[in-house]
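Chemist: Quick one: sequence and predicted model below, then my questions.
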Amino acid sequence: MKHYSIFTAIGSMKLASKHALITGITGQDGAYLSKLLIDKGYKVFGLHARRSTDTLWRLRDLDVENEVKLLNGDLTDLSSLLRAIENSAASEVYNLGAQSFVGTSWEQPVVTANVTGVGALNVLEAVRLVNPQARFYQASTSEMFGLIQETMQSETTPFYPRSPYGVAKLYAHWMTINYRESFGLHASSGILFNHESPLRGIEFVTRKVTDAVARIKQGKQKKLLLGNIDAKRDWGFAGDYVEAMWLMLQQETADAYVVATGLTTTVREMCRIAFAHVGLNLEDHIVVDPKLYRPAEVEVLLGNPEKAKAKLGWVAKTNLETLICMMVDADMLRVAKE
């Protein structure tokens, strides 16, 4: 432990604010955050679990694949996290890594708990041991609100998660607060509501919809099967939301912030925007499949971003129609190349 304390004193002075470590760097948010930080002059390191499939395509899409340095590691392996924080000498650590698909969390609850929940604890512990002066960001989620206790959810709204994913994220959220209060870490949480982009995974409903719209328009698919299309979500653009992450770590005091648009829209209306963008009628192509409903539904999520606006100066810049049309256009190009 003494070795890490010595490193902390020396490494943090030498490399100050220009080194950042991102877990989940190959995901949507990791890619956009990498680009943001690189554009700001940071040297970006990413924790990268080896996979046989290509996981770097998002970084490639944003032209930053060759600008980031990947470090072998896994959220479930504390030793690899200790090495990553030491080797990166990061003064900012962004924990974006997780098993992040709500649906999968019912099928793999133990994996979700270990990666999404305990994985965050491992990163916090590694920061505490290696460089406690580093600033830490935890990717929390609106899914922690679950069965909503207030019409508009803020930082003070009681949590009631309705999935193994939400429960695991809530554990990580409270551990972040605990490490901040117990050990004095500069550890902040961003309670991000749904945020989408052309880089979103195909398993998420927005990309499922925009990909299907492109395929239907090009004659490669006929119908789109969906679950609860009357569920309401607060959707924003991931490229906007990563700026809020960075802003949190520039504050003198760590805290938790809701990051949202303050507007909620049904899945049905989101689909209407997507289909209309290519001149199609959603009623002609959507089939509601009860098998796709969640075991415990979250009917409405609506975030109150006033604290982020007041303290960070952050507001969402991209409206839902612009976002969905951007995603449809990207999928039209992808599908055409198949």
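Modeler: Done, it's in.

Chemist: Strands of the stretch 101-250 of the chain, residue ranges please.
Modeler: If DSSP state E, counting those that start in this stretch is used as the criterion, the strands of the stretch 101-250 of the chain fall at 135-141, 186-192, 195-196, 224-226, 232-233, 236-237.

Chemist: Could you list the paired strands of the third one along with their orientation?
Modeler: Taking DSSP bridges as the criterion, strand 195-196 pairs within the sheet with strand 236-237 (parallel).

Chemist: Could you report the distance from Gly30 to Lys311?
Modeler: Gly30 is 25 Å from Lys311, where distance means CB to CB, to the nearest Å. Any C-beta I mention is one placed from the backbone N, CA and C, and that applies to glycine too.

Chemist: what separates the lengthiest helix in the chain from the chain centre, distance-wise?
Modeler: Counting by DSSP state H, the longest helix found in the chain is helix 164-183. Helix 164-183 has its C-alpha centroid displaced from the chain centroid by 16 Å (CA atoms, centre = their mean, to the nearest Å).

Chemist: And that helix, what does it pack against?
Modeler: Under the contact definition 3 or more CB pairs under 8 Å, 6 or more residues apart in numbering; DSSP states H and E, helix 164-183 sits against helix 102-107, helix 109-112, helix 119-130, strand 135-141, strand 186-192.

Chemist: now for those, which one comes closest to Thr210?
Modeler: Across those, Thr210 has its closest neighbour in helix 102-107 (17.9 Å, CB to CB).

Chemist: Contacts made by the closest one with the rest, please.
Modeler: With contacts defined as CB atoms under 8 Å, 6 or more residues apart in numbering, helix 102-107 is touched by 99, 112, 116, 143, 163-166, 168, 203, 294-295.

Chemist: of the residues you listed, closest to Asp240?
Modeler: Taking these together and measuring to Asp240 by CB to CB, the closest member is Glu143, at 19.4 Å.

Chemist: Hmm, the closest one is touching Val298, no?
Modeler: Yes - using CB atoms under 8 Å, Glu143 is in contact with Val298, at 6.8 Å.

Chemist: With neighbour numbers in mind, choose between these two.
Modeler: Higher neighbour count among Glu143 and Val298: Glu143, with 25 against 22, using other CB atoms under 10 Å.

Chemist: which residue sits closest to that one, ignoring its sequence neighbours?
Modeler: In space, and not counting its chain neighbours, Glu143 is closest to Gly166: 4.0 Å by CB to CB, 6 or more residues apart in numbering.

Chemist: To what extent is the residue nearest to Val315 when sequence neighbours are not counted buried, counted in neighbours?
Modeler: Residue nearest to Val315 in three dimensions, not counting chain neighbours: Lys309, with 5.5 Å by CB to CB, 6+ apart. For Lys309, the tally of surrounding residues (other CB under 10 Å) stands at 14.

Chemist: And Lys309, how far from Ala316?
Modeler: From Lys309 across to Ala316, the span is 10 Å (CB to CB).

Chemist: now swap in Arg233 and tell me
Modeler: 14 Å.

Chemist: if we can go back for a sec, in JSON lines, list the strands of the stretch 101-250 of the chain along with distance to His173.
Modeler: Shown next, in JSON lines, are those (distance: least, CB to CB, whole Å):
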{"stretch": "strand 135-141", "distance to His173": "4"}
{"stretch": "strand 186-192", "distance to His173": "5"}
{"stretch": "strand 195-196", "distance to His173": "17"}
{"stretch": "strand 224-226", "distance to His173": "29"}
{"stretch": "strand 232-233", "distance to His173": "20"}
{"stretch": "strand 236-237", "distance to His173": "19"}
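
Chemist: Output these as JSON lines; include the columns distance to Trp246 and mean pLDDT.
Modeler: Shown next, in JSON lines, are the strands of the stretch 101-250 of the chain (distance: least, CB to CB, whole Å; pLDDT from 0 to 100):
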{"stretch": "strand 135-141", "distance to Trp246": "8", "mean pLDDT": "97"}
{"stretch": "strand 186-192", "distance to Trp246": "10", "mean pLDDT": "98"}
{"stretch": "strand 195-196", "distance to Trp246": "14", "mean pLDDT": "96"}
{"stretch": "strand 224-226", "distance to Trp246": "34", "mean pLDDT": "93"}
{"stretch": "strand 232-233", "distance to Trp246": "24", "mean pLDDT": "93"}
{"stretch": "strand 236-237", "distance to Trp246": "15", "mean pLDDT": "98"}
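
Chemist: Could I get the ones you listed in CSV, plus columns for mean neighbour count?
Modeler: What follows is those, written out as CSV (neighbours: other CB atoms under 10 Å):
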stretch, mean neighbour count
strand 135-141, 26
strand 186-192, 26
strand 195-196, 26
strand 224-226, 18
strand 232-233, 22
strand 236-237, 25
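
Chemist: For Trp57, find the nearest of those strands.
Modeler: Nearest to Trp57, of all the strands of the stretch 101-250 of the chain, is strand 195-196, at 16.9 Å by CB to CB.
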